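Student: Here is a sequence together with a model predicted from it:
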Amino acid sequence: MQVGGVPSRLVVATEHDELLEAAREIFFAGDDEWFVLGGGSNTVAADEGFEGTVLRVATRGVERLDAPEGRVRLRVQAGEDWDDLVRHTVDNGWAGIEALSGIPGSTGASPVQNIGAYGQEVSSSLVSVDFLDAETGEFRRIPRANLGLDYRTSVFKPTTATAGRRGVITAVEFELLDDSALGTPIAYAQLATALGVELGSRVPVADTRRRVLELRARKGMVLDPSDRDTFSSGSFFTNPIVPREALDAIPADAPRWETAPEPRDVAVPLGEQPAPPPPANDSGVKLSAAWLIEHAGLGRGFHLPGSGAALSSKHTLAITNRGGAKAEEVAQLARYVQSRVAAEFGVVLQPEPVLLGLAL
């Protein structure tokens with residue numbers, strides 16, 4: 001977003017052992033606040049800067065491991081650029097993360113909020129993460145089942161109730177489908193339409209990547225220096241999941257999706273279609289944050305008077321820096337959006353990016 005101040009100290013680690021050494025020194029110094037930074041695309045920092053140490057993870061490397069027949073296993077260093085990894089898998093005809101093309105940031109950050117788009121989530125191909133725990137000093141490999149992966153969250157993501165499990169992810173292991181022709185079944189209606197196929201169809205991974213990048217670009221979600229709509233942290237709010245009784249305050253024509261708990265330790269095999277969703281239960285209903293924002297009277301391009309921050313002119317879920325915006329202006333607009341949606345529908349939208357030194 002190109003907002004926010006600078007930290008008191010910045011440490012950049014480019015090698016795995018260097019990362020472990022630097023992290024241990026920072027974690028156990030005991031006299032300094034610290035923050036682990038990946039690519040920075042999903043972080044909004046305060047204008048005053050950060051009174052502490054920022055550990056920038058810049059390690060690179062992709063290692064192919066032994067895998068069952070028909071599968072590919074990769075151990076990827078945390079600082080590896082996420083879209084570079086997706087491009088690498090698509091170039092090799094490996095399926096599983098092709099619909100996550102164009103998402104900015106680092107690979108180590110991908111499990112933190114269980115990144116997802118166009119019918120795929122990183123959880124569907126994730127095997128484990130290598131993690132140095134800041135509380136215990138223990139370095140170990142944590143399997144997917146113990147990561148608490150759910151919609152845009154994990155055991156690592158800070159929430160209003162918890163700081164999340166603190167430490168640094170140093171590497172991530174993935175298992176992909178080794179199919180030089182076809183990707184995983186298309187599970188998102190907009191992508192299926194763009195590809196001209198039915199939901200559940202399988203198409204070449206390169207076709208999926210190309211269409212996803214086109215769709216993201218239309219929404220201002222691929223960085224373009226000439227397009228101010230792309231100076232954002234992506235979707236600023238998550239789609240809210242509300243209890244069923246809260247639907248009385250939501251218009252009948254508002255988009256909604258049933259949600260149901262799924263066993264996060266049982267992955268849907270790559271290349272197979274997911275099972276039909278279970279019957280409606282008490283886990284809640286997911287609403288469209290974009291719909292709520294627009295129907296609370298805040299259209300594309302909305303901004304507060306005199307502010308350099310505005311909703312994207314392409315879709316209302318992104319807060320953008322129109323030029324010279326301050327972090328506090330971003331936060332003010334986010335608070336205003338929250339208040340309007342809460343007043344209109346009784347739903348409090350939650351931010352998706354990590355807020356460093358800012359509060360909504």
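Tutor: Cool, the structure landed. Numbers count the residues shown, from 1 in each chain.
Student: Pull the contacting residues for the closest residue in space to residue 65 that isn't next to it in sequence.
Tutor: In this structure, residue 65 finds its nearest non-sequential neighbour in residue 73, 4.0 Å apart by C-beta to C-beta, 6 or more residues apart in numbering. Where you see a C-beta, it was placed from the backbone N, CA and C, and this is true even at glycine. Contact partners of residue 73, counting by C-beta atoms under 8 Å, 6 or more residues apart in numbering, are 64, 65, 66, 67, 127, 173, 174, 175, 176.
Student: so who does residue 130 touch?
Tutor: Residues counted as contacts of residue 130 (C-beta under 8 Å, 6+ apart) are 139, 140, 141, 142, 169, 170, 171, 172, 173.
Student: starting at the chain centroid, how far to the lengthiest strand in the chain?
Tutor: Counting by DSSP state E, the longest strand found in the chain is strand 167-178. Computed by C-alpha atoms, centre = their mean, to the nearest Å, the chain-centroid distance of strand 167-178 equals 15 Å.
Student: Helix or strand next in line after that strand, which one?
Tutor: Using DSSP states H and E, the next helix or strand after strand 167-178 towards the C-terminus is helix 189-195.
Student: ok, and for that following helix, which residues are buried?
Tutor: 191, 192, 194, 195 (16 or more other C-beta atoms under 10 Å).
Student: Is the first one in contact with residue 209, as I believe?
Tutor: Yep, that's residue 191 we're talking about. No - taking C-beta atoms under 8 Å as the definition, residue 191 is not a contact partner of residue 209, at 10.9 Å.
Student: Just the mean pLDDT for stretch 90-101, thanks.
Tutor: In this model, stretch 90-101 has a mean pLDDT of 96.
Student: Ok, stretch 34-47 next?
Tutor: Mean predicted lDDT for stretch 34-47 stands at 94.
Student: Quick one: end-to-end distance for that stretch.
Tutor: 17 Å (C-alpha to C-alpha, to the nearest Å).
Student: Sort out which residues of it are buried, please.
Tutor: Buried-residue list, stretch 34-47, by 16+ other C-beta under 10 Å: 34-46.
Student: how about residue 207, what does it touch?
Tutor: 183, 195.
Student: Quickly find the element holding it.
Tutor: Secondary structure assigned from DSSP H and E places residue 207 in helix 205-218.
Student: Low-confidence stretches in the stretch 151-300 of the chain?
Tutor: 160-161, 163, 260-283 (pLDDT under 70).
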